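Asker: model the following, please.
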Amino acid sequence: MARIIKYIFYDILRTRFILLYTLFLLIATIALFQLDSDVGKVIMSLMNIVLMVIPLVSIVFTTIHFYNSYEFIELMLAQPVNRKVIFLSEYISTALSLCIAYLIGVGLPIILYGVTPSSLTLIYTGLMLTLVFVSLAFLASVLTRDKAKAIGVTLLFWFYFSLIYDGLLLWVIYSFSDYPLEKLTVALVALNPIDLARIMMLLKLDISALMGYTGAFYQNFFGSYWGMLFSTGVLSLWIIFPLFLGTRIFIKKDL
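Answerer: Here you go, the predicted structure:
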């Protein structure tokens, strides 16, 4: 398995896209630090990039890479290699390359300009979102043999979690504003990894007071030890469950 991971990993690193992705994050992060000396404002700006760009890039690149690797996958399947090993090797290699690009592009400038709790949370949430959307991309890729259809499904995933879900959540909150919705809101937030990452970041930036009573509730819950454990556990489930489903489908699928 280690040899397969090494081969796929080096093959991905040779692509121009990973290099351009790393340079984009690096230039954007350094430029934001140069434009503003307030670390909190820089982290806030970077948060918007992390919550929108990272999931989009992760899910689209992974889907394209998976279909571009179909010949290699078929070649490996002709060998006495377990299907599960092949699928997980593809996942680990892709996730590792995107995480390294993110750490160099965002993590390195943050270390150079000063580490704060909010910046560490930014790095953490960015890595977790990368892993989540790589898992979702692999799940979408094994559902269909059509590359265009798979890209459409992955873009729908991103569009839903980034834009549509927030609208649905606001509709629920305003429609039932006369009822205590704090615990329900926590459950609904857990159904969207991007929202969960956003709340974790906002609380670390100490602006929960601007969110009213709900912000105070989030601060008490997500700001506690159990809240952080809950957030990490939910994000881990978002990584593991799609990957588990994708692996099961890949094992049984006739390529």
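
Asker: for the protein, give me the ranges with low pLDDT.
Answerer: Where the chain drops to pLDDT under 70, the residues are 173, 176-183, 206-225, 227, 254-255.

Asker: now the helices: where do they sit in this structure?
Answerer: 2-13, 16-35, 39-68, 70-77, 83-102, 108-113, 117-143, 147-159, 165-175, 182-190, 193-204, 212-222, 225-252 (DSSP state H).

Asker: for the ones you listed, give me a markdown table that also has mean neighbour count.
Answerer: Any C-beta I mention is one placed from the backbone N, CA and C, and that applies to glycine too. Formatted as a markdown table, these follow (neighbours: other CB atoms under 10 Å):
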| stretch | mean neighbour count |
| --- | --- |
| helix 2-13 | 15 |
| helix 16-35 | 16 |
| helix 39-68 | 20 |
| helix 70-77 | 14 |
| helix 83-102 | 21 |
| helix 108-113 | 16 |
| helix 117-143 | 23 |
| helix 147-159 | 16 |
| helix 165-175 | 12 |
| helix 182-190 | 15 |
| helix 193-204 | 23 |
| helix 212-222 | 15 |
| helix 225-252 | 16 |
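
Asker: distance of R83 from I111?
Answerer: Going from R83 to I111 by CB to CB, to the nearest Å gives 40 Å.

Asker: ok, L191 next?
Answerer: Applying CB to CB, the value for L191 to I111 is 33 Å.

Asker: surely L46 meets I123?
Answerer: No: look at L46 against I123 with CB atoms under 8 Å: they stay out of range, at 9.8 Å.

Asker: where do the contact lists of these two overlap?
Answerer: Counting by CB atoms under 8 Å, 6 or more residues apart in numbering, the shared contacts of L46 and I123 are V106.

Asker: can you pull the contacts of the spatially most central residue of the chain?
Answerer: The centre of the chain sits closest to L129, judged by CA atoms, centre = their mean, with a distance of 1.7 Å. If a contact means CB under 8 Å, 6+ apart, then L129 has 50-51, 54-55, 58, 193-194, 197 as its contacts.

Asker: repeat that for I30.
Answerer: Contacts of I30 (CB under 8 Å, 6+ apart): P109.

Asker: going forward, count from 877.
Answerer: Fine by me, first position is 877 from now on; the one you just mentioned is I906.

Asker: distance of it from P1069?
Answerer: 27 Å.

Asker: repeat for K1023
Answerer: In terms of CB to CB, K1023 sits 25 Å off from P1069.

Asker: also L1005?
Answerer: L1005 is 6 Å from P1069, by CB to CB.

Asker: contacts for stretch 954-972, please.
Answerer: Outside stretch 954-972, the residues within contact range by CB under 8 Å, 6+ apart are 877, 880-881, 884-885, 888, 937-938, 941-942, 945, 949, 952-953, 1006-1007, 1010-1011, 1014, 1018, 1119, 1122-1123, 1126-1127.
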